[in-house]
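*Asks:* pasted the sequence and its predicted model underneath.
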Amino acid sequence: MLDEDLARIRAHRNNIHRYRRLLRTKLSDLERQFVERRLAEEQTALAALAADTFPIAFTLPKSRSDSAMMGTEQ
């Protein structure tokens, strides 16, 4: 299952790169709108797939200097 998800992530990333490359070329207004819409769809799909595949989020503990700047150091 993980291999399939990673392959799908790679496919979305490749599509995103392709659409960004296309946006650097000369396109008609209609073509540009289509590519921009497809780019947004691919980015949304990639974000959702990445969140499902890697659901763990790590947060860094606050350092002493962060606490001092916020006035919460004890």
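*Replies:* Good, I have the coordinates.

*Asks:* and the next element down the chain from the helix or strand containing residue 4?
*Replies:* Element membership for residue 4 (DSSP states H and E) is helix 2-23. Toward the C-terminal end, the helix or strand that comes next after helix 2-23 (DSSP H and E) is helix 29-53.

*Asks:* ok, back up a step: give me the contact list for the helix holding residue 4.
*Replies:* The contact list for helix 2-23 (C-beta atoms under 8 Å, 6 or more residues apart in numbering) reads 32, 35-36, 38-39, 42-43, 45-46, 49-50, 52-53. (Each C-beta comes from the backbone N, C-alpha and C, glycine too.)

*Asks:* could you redo the last one with a cut-off of 7 Å?
*Replies:* 35, 38, 39, 42, 43, 45, 46, 49, 50, 53 (C-beta atoms under 7 Å, 6 or more residues apart in numbering).

*Asks:* pull out the buried positions in that helix.
*Replies:* Within helix 2-23, the residues that count as buried by 16 or more other C-beta atoms under 10 Å are 9, 12, 15, 16, 19, 22.

*Asks:* how far does that helix sit from the chain's center?
*Replies:* Distance, stretch centre to chain centre, for helix 2-23: 11 Å (C-alpha atoms, centre = their mean, to the nearest Å).

*Asks:* same question, stretch 22-39
*Replies:* Worked out by C-alpha atoms, centre = their mean, stretch 22-39 lies 20 Å from the chain centre.

*Asks:* buried ones in that stretch?
*Replies:* 22, 35, 39.

*Asks:* residue 62 in helix, strand or coil?
*Replies:* Secondary structure state of residue 62, per DSSP: H, G, I helix; E, B strand; the rest coil, is coil.

*Asks:* and it, what are its phi and psi?
*Replies:* Dihedral angles of residue 62 (phi, psi; degrees, to the nearest 10) stand at phi -70, psi 140.

*Asks:* shaky segments in the chain?
*Replies:* 57-60, 64-74 (pLDDT under 70).

*Asks:* centroid-nearest residue for it?
*Replies:* Taking C-alpha atoms, centre = their mean, the centroid of the chain lies closest to residue 47, which sits 5.1 Å from it.
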